[in-house]
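Participant: Sequence and predicted structure are below.
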Amino acid sequence: MDHIIIEKVINNNIISAYEKSGAEVIVMGRGIGFKKKQGEVVPADQISKIFRIKSRTLTEQFKELLANMPLERVRISDEIISHAKDHLKLKLNQSIYVTLTDHINFAIERVSQGIEPQNALLWEIKRFYYLRRYWRKRKRCIY
């Protein structure tokens, strides 16, 4: 693994850094930013995830979003994105890291405040999937 140099500590679990190649990355790991300073090398054994986002704007948005977010919520988002990439073979826009992480954080905050999430499209979704199952069964009968 390349040497990763700390550019800025975002919180105890997330730092902004530069790889040896000069590319900016966001590095995640439990306690990775604790008592660390700019210019220090990040120990490889503390790194659990490296986010390489090519867009400077998205990188800044992601850093801002992560500043006050619990590590577990970032991990949930990362697991969902990794699953989609690996199992569903999807190529995702890099903005998914910002949007999905923010969405999950907001949903968890609302539920913890006792606000029940409601889906205005629930009836349409149930109808769509019912029709889909119905036509799939009919196609089997025809053949």
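Facilitator: Alright, I've got the coordinates.
Participant: just checking, what packs against the longest strand seen in the chain?
Facilitator: Ordering each strand of the chain by length in residues (DSSP state E) puts strand 4-11 first. Counting contacts by 3 or more Cβ pairs under 8 Å, 6 or more residues apart in numbering; DSSP states H and E, strand 4-11 is packed against strand 14-19, strand 24-28, helix 56-66. No exception for glycine: its C-beta is placed from N, CA and C like everyone else's.
Participant: which parts of stretch 110-128 are buried?
Facilitator: In terms of neighbour count (16 or more other Cβ atoms under 10 Å), stretch 110-128 has no buried residues at all.
Participant: Same question for stretch 45-65.
Facilitator: By neighbour count on 16+ other Cβ under 10 Å, the buried set for stretch 45-65 is Q46, I47, K49, I50, F51, I53, L58, T59, Q61, F62, K63, L65.
Participant: Contacts made by that stretch with the rest, please.
Facilitator: Residues outside stretch 45-65 that contact it (Cβ atoms under 8 Å, 6 or more residues apart in numbering) are 1, 4, 8, 10, 14, 16, 23-32, 75, 78, 94-95, 97-98, 101-102, 105.
Participant: which of the residues in stretch 77-88 are buried?
Facilitator: Residues S77, D78, I81 are the ones in stretch 77-88 that count as buried (16+ other Cβ under 10 Å).
Participant: ok, what's across the strand from the nearest residue to the second one once chain neighbours are set aside?
Facilitator: Pointing back at D78 there. In this structure, D78 finds its nearest non-sequential neighbour in K49, 6.0 Å apart by Cβ to Cβ, 6 or more residues apart in numbering. Listed by DSSP bridges, the beta-bridge partners for K49 are M28.
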